[in-house]
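Colleague: below are the sequence and a predicted model for it; my questions follow.
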Amino acid sequence: MTNVSRVIIAAVSLLLPAVAGAQDWQSGSTMYMLKGTLVADQANAEKIGYDAFQITFVGQPTAKNRWIGIVSANTWEGDSFTAKEVLDNIIPPVLVVDGKAPLLKQLSDAPVGSRVALEGMLVPSSGNYVLASVRILSKP
C-alpha cells in the first residue's frame with residue numbers, strides 16, 4: 001500500500017465519525033424533556049428562555065397557538081448539550097404538538113405565564129412533538 005493510500009484511509013477514518021455525529025440530531029426521534037414558561041408571543045418567549053418556540057396543536061385552530069420560552073431541555077439520557085443543539089437546529093422554531101386529547105387540552109388550556117414540564121417524542125427534522133406527559137409546575 002502506498003503512503004498516499006494510507007493517508008487517505010487515515011483521513012477518512014478520522015472524519016467519518018465527525019460527519020456522522022454532526023448529522024445525528026436529524027435522524028429519527030427520541031424522548032425529550034422540556035421545561036419553560038407559556039407566553040403570548042415570541043418577544044416574551046425570547047426574554048424568558050434560551051430558546052423560543054411557537055407551539056401549534058394538531059387539529060386545533062391557529063388561535064390556540066402559543067409560545068414557550070424554554071429554560072431547560074434534556075434528552076431521555078439526560079444530555080442537555082445535545083438537546084440544546086437539536087432545538088437550535090429546528091427552523092422555523094415551531095413545535096407541532098400531538099398526543100392524547102387530555103394532554104393536548106391540559107397544555108392548550110394552561111394560562112399564559114404557566115411554567116410547564118413536557119415530555120414527549122421529538123422528530124427534529126419536522127419539529128413534531130408527540131406528548132407523553134404534561135405537568136403544570138406553577139400558574140401565574
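Modeller: That came through fine.
Colleague: A117 touches L131, doesn't it?
Modeller: No: using Cβ atoms under 8 Å, A117 makes no contact with L131, being 11.2 Å away. C-beta here means a position set from N, CA and C on the backbone, and glycine is covered the same way.
Colleague: out of the two, which sits in the busier spot?
Modeller: Applying other Cβ atoms under 10 Å to A117 and L131 shows that L131 carries more neighbours, namely 20 against 14.
Colleague: what about the more buried one, which helix or strand?
Modeller: L131 belongs to strand 128-138 when assigned by DSSP states H and E.
Colleague: now V96
Modeller: Secondary-structure assignment from DSSP H and E places V96 in strand 94-98.
Colleague: what's the angle from that strand to strand 128-138?
Modeller: Using axes from the mean of the first three to the mean of the last three Cα atoms, to 10 degrees, one finds that strand 94-98 and strand 128-138 are set 90 degrees apart in direction.
Colleague: can you give the strand pairings for strand 94-98, parallel or anti for each?
Modeller: Strand partners for strand 94-98, identified by DSSP bridges, are recorded as strand 51-57 (parallel), strand 128-138 (parallel).
Colleague: can you pull out the strands in this structure?
Modeller: Here the chain has its strands, by DSSP state E, at 30-39, 51-57, 66-75, 94-98, 115-123, 128-138.
Colleague: of the ones you listed, which is nearest T82?
Modeller: Closest approach to T82 among the strands of the chain is made by strand 66-75 (5.5 Å; Cβ to Cβ).
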